[in-house]
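Trainee: Predicted model, plus sequence, below.
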2 protein chains.
Amino acid sequence: MENEKMKKVKEVLENNAALKHAITIMHWDLETEAPLLAVDKISKTLGYLIGESYSMVINDEFKNLVYSINTDKLKELDRKIIEELKKEYFEKLEKIPKEEYKKYSELKIISSKKWEEAKIKNDYSIFKSYLGEIIKFNKKIIKYRGYKGHPYNTLLEDYEPGITVKEADEFFGKIKNELSPLIKKIIQKNISDNENEAKEKFKKMIFDIEKQKELSKHALDIINFRFDKGVLKESEHPFTTNVDNKDVRVTTHYYKDNLLSSLYSTIHEGGHGLYEQNVDDVISDTILGTGTSMGIHESQSRIYENMFGRSEEFLSFIYPKLDIMFKLGENGINFNIFYKIANEVQASFIRTEADELTYPIHVLIRYELEKEIFDNLDNETDVDELAKKWQDKYEEYLGIRPETYTEGILQDVHWSDGLFGYFPSYALGSAYAAQIYNAISKKIDINGKMKKGDFTEINNELKEGIHKYGKTRTPEELLVNMTGEPFNPKYYIDYLKEKFSLIYGLK
Amino acid sequence: MENEKMKKVKEVLENNAALKHAITIMHWDLETEAPLLAVDKISKTLGYLIGESYSMVINDEFKNLVYSINTDKLKELDRKIIEELKKEYFEKLEKIPKEEYKKYSELKIISSKKWEEAKIKNDYSIFKSYLGEIIKFNKKIIKYRGYKGHPYNTLLEDYEPGITVKEADEFFGKIKNELSPLIKKIIQKNISDNENEAKEKFKKMIFDIEKQKELSKHALDIINFRFDKGVLKESEHPFTTNVDNKDVRVTTHYYKDNLLSSLYSTIHEGGHGLYEQNVDDVISDTILGTGTSMGIHESQSRIYENMFGRSEEFLSFIYPKLDIMFKLGENGINFNIFYKIANEVQASFIRTEADELTYPIHVLIRYELEKEIFDNLDNETDVDELAKKWQDKYEEYLGIRPETYTEGILQDVHWSDGLFGYFPSYALGSAYAAQIYNAISKKIDINGKMKKGDFTEINNELKEGIHKYGKTRTPEELLVNMTGEPFNPKYYIDYLKEKFSLIYGLK
């Protein structure tokens, strides 16, 4: 009886997965190659498909079926599927009327394209009314769905279950108090003329795009990203998307004057990609067959990008290849300088290009702005004022004031795509990463492996500890399982202090 | 009343267009970049979407609605839409049961992938059972749909309305009788040592793929293919696909030892692309908003590829650019030789690489094989025998026997994708092209334009005479409209005789 019902549920989910598959591929296409004038039609088609996908699961018949199942009689995976269904569809999605949901989906697509244009032209006026609309929609959504404590909690919950304003305030408080003094010290420290000169030279070098593409592919090969179930491509803002564990797609972005940007974007997205490629086959085809939260996802991207990718040992492994491809030595960039360049701490404007140490400050700024936006659900957010606050906060926390929109509020794609509540997971993910790194280092000589560019055992640890479970475990369960304790930001703070004090000769 | 009904019809068609949009993009993705292991899931999703699209239009409610409309009361475009609906959906599609249709759609996807693998490995055993299945399905489809005269007529009708075995026999008879003697003379003609040496040298040259990509993009710019509503990409077998007139995508294929292959594939597909980009806005969003037949479509691709693209004048325009990019002169390839290389007549195995003169013979061979396959709907086609017959016919008509499958039956994608009845349209299209070229040349100094690479006026003639009408006119209406007479193969035969007699000094 229960099995019969479960079978019916799975039939609906299978058809819904087909629609979502099409939605994923059309989004991918939109972001990576669709022609400019095709956008309106794509937005309309996506609106239709998203609406159909909504109707397929949000209806009384399906709801009654789902709630009629006695989950005690199901095997564990099926039970978790039903729980996820109830949570995602009937506690979240159902609260938003279909027409609103569809309209919002179409708005997000147009808005993302407007953002792209605005960013390229450094013209906030192209985008700001769309941003206003997106914010308005998010406030409405919070009202539809309700909230406990701070209204922003409802959005935070979408990206990092278990984290509310209370926990986030505490975490970012530590970031501010513990890291700001170190950042200040480093930024004020005198760098030798030699080092400065070499760094300036590196910034002026031109790196052939075709060679950068080759390097990005090579980097994914090194970390064992599988191309028989993956794709690497280019887009304005690097991202990862996936259908299941056999179709995982990452993008990067190439700048001819910035070698490290594409390399580390690629490794970052590669970390996301590995997570998705390693989800267990048994759960890959279910609604649980993807990363459990954005925080855990970012822990994987950032552990590859920073803790592995920017380590002295990994850089020593890859430097000879880079030297041959881009003539670094000839240009005065020896390995020691290169390691320092890859870990240069700077007060800078762009989050995605920021060093590991100042990175969480960029996130903190966004967190504070978002919290304030959603503090009041009934007022209209002044988007001009918001852009000004962005500048103010950079001045307050990093001592620099972005004078262009592209270096300020227009830099990130997230808000244009309705992703409010997402940013905190970047910093949380970095902190999870440090805790996870610490646990792995007790079993594996990570630095020894990095020197050889050998990711086999490390990947396996992450697969067995995190990746293979998909959404069948919560972030907290994964952390306890892998590290023996719940989230503890101490590892992150300690790691950053240790690494950068050493690089900057402060201990 | 009639308008109310038409509105309802259009609502259904609009939703169906959204599904077809998704299907088009997923196909495009499958052919151009989806990872290998993603194919099964993509095939399943496509099967689902195609099934949904089928159900949306093939049902009693919609059928009754369509047939209840008094088309006399509609404006012309709406009347043509209803006629097209009746023809495509209720006289063709409805005859095939949904489950069969879905199964066939999924089979075609797997079969295409198997073909690709088989072709690359030169291993017919990987593909032949799929070919057998595809043929079996096509015989079944002919039975479902019925036929008049020869069973093959039902398939021919899909690609070139108005052409049956009777007309095709007549046309190909002329090809055989009029062109074979000329081909024989040319192939037996002695070529000077100098010329032979240069040709051999060209065949051994290596052409940087990145530069070839740049050239392909340049070629599309020259013919005014619009990238704000189009995409150029790479695939195993070049093709064109489109959503509407604002999203038209072409592919090419690059070989490092063959510059002309990618260049002419690109121009060929560019010709298809221009046709679709130039469909009038008013009809682009309807089911009539695409090329009217494969024959007319091929007339456009082949007029750009051959009659414009391989003309002495166009080649004289583009040669200096090629010389700079690929150092032709330095390698002994001067313009005169280059023109001869681009128009070299050879008995060769590969249709898509064949010269203009032997090309229709390649098509003739496929036509004869297909006609024989569908001569009997009840027997099982022996796919091993079919591969042998392929060899025999090449020996009979061109005096050469392909000794590998890749050079023989595995060379074309079409059969793996169920496209039987399609090939004849390539030769018909070439013949239409000659008739159309003749008509344009009475108004425009084509050669003068070609010398300057100026396609503005020529494109406009084709747009106004053919492209803008989409499917609202039949092939015959278009030909009469543009050339003043119905299809007349004389122009094609005369054109080929004239051009190649001149190149080979036979007159």
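Mentor: That came through, no problem. Predicted model only: the values in this text are computed from it and were never measured.

Trainee: Contacts only, for the nearest residue to residue A:481 once chain neighbours are set aside.
Mentor: Closest residue to residue A:481 apart from its sequence neighbours, by CB to CB, 6 or more residues apart in numbering or on different chains: residue A:465 at 6.6 Å. C-beta: built from backbone N, CA, C; applies to glycine. Going by CB atoms under 8 Å, 6 or more residues apart in numbering or on different chains, residue A:465 touches A:436, A:439, A:478, A:481, A:482.

Trainee: Local confidence estimate at residue A:465?
Mentor: Looking at residue A:465, its pLDDT is 98.

Trainee: Next up, identify which helix or strand the closest residue to chain B within the stretch 301-450 of chain A is on.
Mentor: Closest residue of the stretch 301-450 of chain A to chain B, CB to the nearest CB: residue A:325 (15.6 Å). Under the criterion of DSSP states H and E, residue A:325 resides in helix A:312-326.

Trainee: follow-up on the earlier one: would you list the contacts of residue A:465 in a markdown table and tack on secondary structure and neighbour count?
Mentor: Formatted as a markdown table, the entries for these read as follows, by DSSP: H, G, I helix; E, B strand; the rest coil; neighbours: other CB atoms under 10 Å in any protein chain shown:
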| residue | secondary structure | neighbour count |
| --- | --- | --- |
| A:436 | helix | 24 |
| A:439 | helix | 18 |
| A:478 | helix | 21 |
| A:481 | helix | 14 |
| A:482 | helix | 18 |
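
Trainee: before we move on, the earlier item: what's the burial count for the residue of the stretch 301-450 of chain A closest to chain B?
Mentor: Per other CB atoms under 10 Å in any protein chain shown, the neighbour tally for residue A:325 reads 16.

Trainee: Distance of it relative to residue A:259?
Mentor: Distance of residue A:325 to residue A:259, computed by CB to CB, to the nearest Å: 9 Å.

Trainee: do the same with residue A:86
Mentor: The gap separating residue A:86 from residue A:259 is 48 Å, by CB to CB.

Trainee: out of the two, which sits in the more crowded spot?
Mentor: Neighbour totals were compared for residue A:86 and residue A:259, and residue A:259 leads with 25 against 17 (other CB under 10 Å).

Trainee: Report how many residues lie close to the residue nearest to that one when sequence neighbours are not counted.
Mentor: Nearest non-adjacent residue to residue A:259, counting by CB to CB, 6+ apart: residue A:207, 4.4 Å away. Neighbour count for residue A:207, taken as other CB under 10 Å: 21.

Trainee: correct me, but residue A:207 touches residue A:263?
Mentor: No: counting by CB atoms under 8 Å, residue A:207 stays clear of residue A:263, with 9.6 Å between them.

Trainee: Please, which helix or strand holds the nearest residue to residue A:351 once chain neighbours are set aside?
Mentor: The shortest distance from residue A:351 to any non-neighbouring residue, by CB to CB, 6+ apart, is to residue A:362 (3.9 Å). Secondary structure from DSSP H and E places residue A:362 in helix A:359-373.

Trainee: Quick check: what element follows that helix along the chain?
Mentor: Moving toward the C-terminus from helix A:359-373, the next helix or strand (DSSP H and E) is helix A:383-398.

Trainee: What is that following helix packed up against?
Mentor: helix A:128-145, helix A:359-373 (3 or more CB pairs under 8 Å, 6 or more residues apart in numbering or on different chains; DSSP states H and E).

Trainee: which of the residues in the shortest one are buried?
Mentor: Burial within helix A:359-373, assessed by neighbour count using 16 or more other CB atoms under 10 Å in any protein chain shown, is assigned to A:359-371, A:373.

Trainee: any idea which helix or strand carries the residue nearest the centre of chain A?
Mentor: Taking CA atoms, centre = their mean, the centroid of chain A lies closest to residue A:298, which sits 5.1 Å from it. Following DSSP H and E, one finds residue A:298 within helix A:294-302.

Trainee: what's next to that helix, contact-wise?
Mentor: A:159-160, A:163, A:240, A:268-272, A:274-275, A:291, A:422, A:424-426, A:428-433, A:436, A:462, A:466-467, A:475, A:478.

Trainee: Also stretch A:4-21?
Mentor: Contacts of stretch A:4-21 (CB under 8 Å, 6+ apart): A:49, A:52-53, A:56-57, A:62, A:65-66, A:68-69, A:74, A:78, A:81-82, A:85, A:243, A:285-287, B:26, B:41-42, B:44-45, B:48-49.
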